[in-house]
Each structure stands twice: as C-alpha cells, then as structure tokens.
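> Using only what follows, build the 3D model:
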Amino acid sequence: MTTAPLVAVLDYGSGNVHSAVKALAAAGADARLTADRGLIRDAAGLVVPGVGAFSAVIEALRASRGDELIGRRLAGGLPVLGICVGMQVLFEHGVERGADAEGLGEWPGAVTELDAPVLPHMGWNTVRAGADSVLFEGIEAERFYFVHSYGAQHWTMEPMKPFREPVLTWCDYRTPFLAAVENGPLSATQFHPEKSGAAGIRLLRNWISSLPQAG
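Coordinates of the predicted model:
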C-alpha cells in the first residue's frame, strides 16, 4: 500500500486554509495545516495559500518567518505550490491602490490591477495551459474558479540554460494574465483549485503525483 505523501499547508494567518487542506486530502495527500518548521522542512510538498491584500499577506508571511521557510525549500529544490495571493507574493512586488509592496522576488515583475470594467474577476473561466504542463495534464479544457482583482499580466524572466523554461498558463479577462506558473520546484495558480470542483482536485492530484515521495 502506497503511503500518502505529506503535504504541509503553511499556517501563517491567511484565511480559507481549511478548504485547501480538505481538497489536498481528497487529492490523495496527507495534508496538515502547520507552522512547525521541522514538519515543513521534511514534507514532500508545501502549499502557500493566500487571501486578501498583497501587502497584508506578505506582512503576515514575514512576521511568521514563512518567507524563510519558502526560500529554504526552494534552495533545496523542494516543491512549493502557491495559491491565489500565495502566487502573487512570489513576484518582486505588488501594486494595490497606489501602494507598492515588496514581494518574495522568486519571479521578476509586478502584480497589478486587472484592466477590466468589472472587478473583481469572479467565477469560472477556462485557461490556456502551457505546453507539457504537469498541473493541467488531462484537464486542459476544464474551467477553474477565480476571485481576484490583481494579477501578473507580464512574464519577464529570461530563460536560464540548461534549466527548463517555465511552463506558463494564461487566462483572459478582457486582457491576458497568468493563471499558473510551473518553474522547477515552484508552482502556483492564481485561481483556487480547492474551489474548482473535480478539475481542481485533479490539478492537485497532478501536483501531488509529481512530488519526490509520491508514488
């Protein structure tokens, strides 16, 4: 019998974490909401949820030293998955209502307000999955649940040989924005897989299946 891989959901005060834990468990993980540094270090995967303003999420991450935990895992090539604002804070900075907050800087560029007549972008939408995507294997034509007013609307990271180029998945809400990024051990989705029904569970299962201790 295969042991379910341990996936830590970072507990740093962000809302809506319990639905993420339930979805990960439904997708086949031993999912635990935790701030335990040893457990997070040893987990097969780390999920970083995020709800609310960019500045508030990054402040809470730094106050709990969650930024250090994320950085150390990535330095060791250990998988991390960001969700919603947990994706946004991976960029260099976020601009909301004129305020510019510094992000984690794992990816270059800014998170800015979507150029759309109605905000937030809320509801179900299809995406344009990048070639050879692991996350979207078998669900390329499915719809996913979004609720956000800000996003990364440009990708500026230069290719770094011999590393594989990141897999970029886009969504259109009047103009394009990044719906997901797969970049080595670091993956992220702007939408909420835990609110995206069977397609979201399948996406989480795809990610779990890619973890080093899975299978």
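> partners of the helix-or-strand element of the chain with minimal mean pLDDT in the sheet?
Using mean pLDDT, DSSP states H and E, strand 99-102 stands out as the lowest-scoring helix or strand of the chain, at a mean of 92. Strands that pair with strand 99-102, judged by DSSP bridges, come out as strand 91-96 (antiparallel).
> Would you indicate which residues of the least confident helix or strand of the chain are buried?
By 16 or more other Cβ atoms under 10 Å, the buried positions in strand 99-102 come out as Ala101. For the C-beta atoms, the positions are set from N, CA and C on the backbone; glycine is no exception.
> so after that strand, what's the next helix or strand?
strand 107-113 (DSSP states H and E).
> re earlier: got a list of contacts for the least confident helix or strand of the chain?
For strand 99-102, contacts defined as Cβ atoms under 8 Å, 6 or more residues apart in numbering pick out Phe54, Ser55, Ile58, Glu92, His93, Gly94, Val95.
> beta partners of the last one?
With DSSP bridges applied, the residues forming beta bridges to Val95 are Asp100.
> Which strand runs longest in this protein?
strand 175-183 (DSSP state E).
> what lines up beside it in the sheet?
The pairing partners recorded for strand 175-183 under DSSP bridges are strand 167-173 (antiparallel), strand 186-189 (antiparallel).
> Go through these and name the closest to Leu24.
Taking Cβ to Cβ, strand 186-189 is the member of those nearest to Leu24, at 13.1 Å.
> Quick one: distance of that closest one to the chain centre.
4 Å (Cα atoms, centre = their mean, to the nearest Å).
> Output that strand as PDB - backbone C-alpha positions only.
Output of strand 186-189 as PDB, limited to C-alpha atoms (Å, rounded to 0.1, in the frame of the first residue of the first chain):
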ATOM      1  CA  LEU A 186       8.000  26.200  -7.600                       C
ATOM      2  CA  SER A 187       4.400  26.200  -9.000                       C
ATOM      3  CA  ALA A 188       1.500  28.500  -8.400                       C
ATOM      4  CA  THR A 189      -2.100  29.100  -9.500                       C
END
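> quick one on the thing from earlier: what would the strands paired with strand 175-183 look like in a markdown table with mean neighbour count and distance to Ile70?
Below are the strands paired with strand 175-183 laid out as a markdown table (neighbours: other Cβ atoms under 10 Å; distance: least, Cβ to Cβ, whole Å):
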| stretch | mean neighbour count | distance to Ile70 |
| --- | --- | --- |
| strand 167-173 | 18 | 20 |
| strand 186-189 | 26 | 9 |
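> hmm, back to that, which of the contacts of strand 99-102 are buried, as a ChimeraX select command?
Those of the contacts of strand 99-102 that count as buried under 16+ other Cβ under 10 Å are selected in ChimeraX with:
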select :54,55,58,93,94
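> Quick check: buried residues in stretch 138-150?
Within stretch 138-150, judged by 16+ other Cβ under 10 Å, the buried ones are Ile139, Glu142, Arg143, Phe144, Tyr145, Phe146, His148, Tyr150.
> Who are the contact partners of the last one?
Neighbour list for Tyr150: Phe54, Gln88, Gly94, Glu96, Val111, Thr112, Glu113, Leu114 [criterion: Cβ under 8 Å, 6+ apart].
> One more pass at 6 Å, please.
By Cβ atoms under 6 Å, 6 or more residues apart in numbering, the contact list for Tyr150 reads Val111, Glu113.
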